[in-house]
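Asker: model this:
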Amino acid sequence: MTNDQNEGREMALAQWHAHIRRLLLLLEHADEFTTSAFVKRLDEFMLQLRRAAMVTVIHVLNRP
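Answerer: Numbers count the residues shown, from 1 in each chain. This is a model prediction of the structure:
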């Protein structure tokens, strides 16, 4: 694995972890939102989380 590939994988994993931390924070504060506002934020967040997950999977599986 090249240094660039390793850096890309590490960056993808770090972004994935950051998204998980933000999800936990959103869930901790769920009671501060109306139901519709929470669902809207969760839907928006899940799109970002899916993207981060796909990038992470691509980097992890793209090993020589």
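Asker: so who does residue 13 touch?
Answerer: 56, 59-60 (Cβ atoms under 8 Å, 6 or more residues apart in numbering). (C-beta placed from N, C-alpha, C; glycine too.)
Asker: For residue 57, give its distance to residue 15.
Answerer: Residue 57 sits 12 Å away from residue 15, going by Cβ to Cβ, to the nearest Å.
Asker: What does the pLDDT read for residue 10?
Answerer: For residue 10, the pLDDT comes out at 86.
Asker: meant to ask about residue 20, not that
Answerer: pLDDT at residue 20 comes out at 93.
Asker: which one is it nearest to, not counting chain neighbours?
Answerer: Closest residue in space to residue 20, ignoring its immediate chain neighbours: residue 49 at 7.9 Å, by Cβ to Cβ, 6 or more residues apart in numbering.
Asker: Could you list the buried residues of the helix or strand encompassing the one you found?
Answerer: Secondary structure assigned from DSSP states H and E places residue 49 in helix 35-61. The neighbour-count check on helix 35-61 (16 or more other Cβ atoms under 10 Å) flags 38, 49, 52-53, 55-56, 59 as buried.
Asker: what about stretch 10-21, distance to the chain center?
Answerer: The chain centroid and the centroid of stretch 10-21 are separated by 6 Å under Cα atoms, centre = their mean, to the nearest Å.
Asker: meant to ask about stretch 40-56
Answerer: 6 Å.
Asker: same question, stretch 13-23
Answerer: 5 Å.
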